Structures are given as C-alpha cells and as structure tokens.
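S.K.: Using only what follows, build the 3D model:
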Amino acid sequence: MSDIPAPLLNAIRADAPQVVRIVGNSPLAEQLRAHLRDEAPPEAKQLDLAILVLDSTHGQADPEESDIAMTRDVLATRCLAWVIDASSWPDDELRALGFTPVADALWGYNIADYKPVPDWLNPRHWANPELWDKHRW
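M.R.: All right, here's what the predicted structure looks like:
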C-alpha cells in the first residue's frame, strides 16, 4: 500500500465510494485491487468510482479511448485517471475526454460538475421573447 501515490489515495478517501472498479493491468492497479473492494455487486447499476491506471511502461496495453469513454459515461458516476506514462497520455487527450487535473498525474471526471448550467439555459428564455417584436421568421 505504501507504493500507492498519496494524491490518488486522498482522492479515493475523499469520495468514500462503496462500489469501485480498477481498470488497468499495471502493478499499481494490482495494488489498488488488493487495497480496495474491486468487485461490483450484481445489483449495482452504476459504479460509485472507476479508477483508470494509464501505464504503458510495463508492456501492458492502456485502455482504448472508447473503453475510457464507456466507463466514464455509462459505468461510473465518477472517474479518476492516474497517468504513469505522460508521453502516452498527453494532457490534451485527457482534456478531450472530459477529464480535469486534480493533482500531479491525477485526473478526474465527475458528471455532476462537468459542465455548469449556463444562465440562459432555463425555461424563462426558451423562446427568446425579447426578439418577438423585432424579427419575424
């Protein structure tokens, strides 16, 4: 457990997930599996937390972008990505997948705070009534 990075452990403890899935085959992923409950009960519709260990330095293939997107969108309400090899996962690729930096080498995705609702997106402005007398279409 001492080899698990402190920012990753702190993020996991802060979330206190009940159902966790570790994605990856690196030694760090194996340590996380030993430290956390990794099996989702069959009745769980969605995971509380998915931890993606992105490490191509041990000869293991990283998850594909489509697998990451599926985990992020369908399988878990919150995702953490720990990037061990930054050359295989540049910042712009992680940002393109919707992840935001949490700490050094740790990226997070939470659908609840992914995109703040803009002020104009509400029932009051749905038909743009300010332009009714100015333009006819």
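S.K.: For Leu75, which residues are in contact?
M.R.: Contacts were defined as C-beta atoms under 8 Å, 6 or more residues apart in numbering; by that measure Leu75 touches 21, 46-47, 50. Bear in mind the C-beta positions are built from the backbone N, C-alpha and C, glycine included.
S.K.: Which phi and psi values does it adopt?
M.R.: phi -90, psi -30 (degrees, to the nearest 10).
S.K.: and it, how far is that from Asp91?
M.R.: Using C-beta to C-beta, to the nearest Å, we find Leu75 at a distance of 24 Å from Asp91.
S.K.: Next: Leu32.
M.R.: Using C-beta to C-beta, one obtains 23 Å as the distance from Leu32 to Asp91.
S.K.: Narrow the contacts of Leu75 to those that are buried.
M.R.: Buried subset of the contacts of Leu75 (neighbour count, 16 or more other C-beta atoms under 10 Å): 21, 47, 50.
S.K.: So in terms of bridging, what pairs with the first one?
M.R.: Going back to what we said before, that points to Arg21. As for beta bridges, Arg21 partners with Ala50 under DSSP bridges.
S.K.: What helix or strand is Ser92 located in?
M.R.: You called it Ser, but residue 92 is Asp. helix 91-96 (DSSP states H and E).
S.K.: Pull out the buried positions in the next helix or strand after that helix.
M.R.: Under the assignment DSSP H and E, the closest C-terminal helix or strand after helix 91-96 is strand 100-103. Under the neighbour-count criterion of 16+ other C-beta under 10 Å, strand 100-103 has Val102 buried.
S.K.: What are the contacting residues of strand 100-103?
M.R.: Counting by C-beta under 8 Å, 6+ apart, residues outside strand 100-103 touching it are 7, 10-11, 80, 91, 107-109.
S.K.: next structured bit after it?
M.R.: Using DSSP H and E, the helix or strand that directly follows strand 100-103 along the chain is strand 106-110.
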